[in-house]
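# Test case, fold it:
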Amino acid sequence: MRAALKLGGLILIGAGLGLVSALAMLNQGMNIGKETVQGWVGSHVSGDKSADPYTRALVARAGLLALTQAETLYFNRTTDEAGKPLRADCTYQLEGGAQPARWWSVTIYAADNYLPVNGDDAQSADATRVAALAKPDDKGRWTVQVSPQKGEATHWISSKNAGNFALTLRLYNPQDGAREDFNSIAFPTLKTVSCPSVPA
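This next block holds a predicted model:
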């Protein structure tokens, strides 16, 4: 009887430790494999076919990082060039060129991790739209304005009602070099054009 109680106690302790470690991993493990390059944050483990059960659980919890790295690389940006949070009332300029992938897109996500609800139908910019309006003088370069109002911008992502938002860059069918070395990617640059001062 005493041996059975000891065995039961050990099983409960083991299960408890396993549960605690799993919860800790889910809460803190999102930083594993992460790398920040030019303000964009990517992960070397999300979408990796050899990922362990913990990593698979993290991807399932995050939801947005569902495809393999051969299909898509994901990079998120939540701060401007000075490290300040991206704000819906500010105007930013994204500038980039060719990306090392078959196709790319940049999408805005509001503070609640969903697309901003504003009726503007301008949640993203992508390679197809940029190419459709490209001019010979652009030489493959493109500019996208991220702001609450479009103004005279050719390419626009609406930040209206987005709060402190995030931008997600997706590289579809990325080149091998891009998957292996994030530093080889010519990421779009972000510059703050204007930003209302926040009352103290």
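# Pretty sure residue 178 sits in a helix.
Yes. Counting by DSSP: H, G, I helix; E, B strand; the rest coil, residue 178 is part of a helix.
# Neighbours of the nearest residue to it once chain neighbours are set aside, how many?
Counting by C-beta to C-beta, 6 or more residues apart in numbering, residue 178 lies nearest to residue 100, which is 4.1 Å off, once chain neighbours are set aside. C-beta: built from backbone N, CA, C; applies to glycine. Residue 100 is surrounded by 17 other residues when neighbours are defined as other C-beta atoms under 10 Å.
# wait, isn't residue 100 in contact with residue 182?
No. Here residue 100 does not reach residue 182: they are 10.4 Å apart, not a contact under C-beta atoms under 8 Å.
# quick one: residue 144 from residue 68, how far?
Spatial separation of residue 144 from residue 68 under the definition C-beta to C-beta, to the nearest Å is 27 Å.
# can you confirm residue 149 is in a strand?
No. Residue 149 is assigned coil when assessed by three-state DSSP, not a strand.
# Quick check on it: phi, psi?
Comment: the main-chain dihedrals of residue 149 come out as phi -130, psi 140, following degrees, to the nearest 10.
# And the contacts of stretch 99-111?
Residues outside stretch 99-111 that contact it (C-beta atoms under 8 Å, 6 or more residues apart in numbering): 73, 88, 94, 115-117, 123-128, 144, 146, 157-159, 161-175, 177-178, 184-186, 188.
# 7 Å instead?
With contact meaning C-beta atoms under 7 Å, 6 or more residues apart in numbering, stretch 99-111 is reached by 94, 115-116, 123-127, 144, 146, 157, 159, 161-175, 177-178, 185, 188.
# In PyMOL, select just the buried ones from those.
Buried members of the contacts of stretch 99-111, identified by 16 or more other C-beta atoms under 10 Å, are gathered into one PyMOL selection as follows:
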select buried, resi 94+116+123+124+125+126+127+144+146+157+159+162+165+166+167+168+169+170+171+172+174+178+185+188
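# Next, count neighbours for residue 139.
Residues within reach of residue 139, counting by other C-beta under 10 Å, total 8.
# now swap in the one 10 residues further on and tell me
Close neighbours of residue 149, defined as other C-beta under 10 Å, add up to 12.
# Now it: closest residue in space that isn't a chain neighbour?
With C-beta to C-beta, 6+ apart as the measure, residue 160 is the residue that lies nearest to residue 149, at 7.6 Å, once sequence neighbours are left out.
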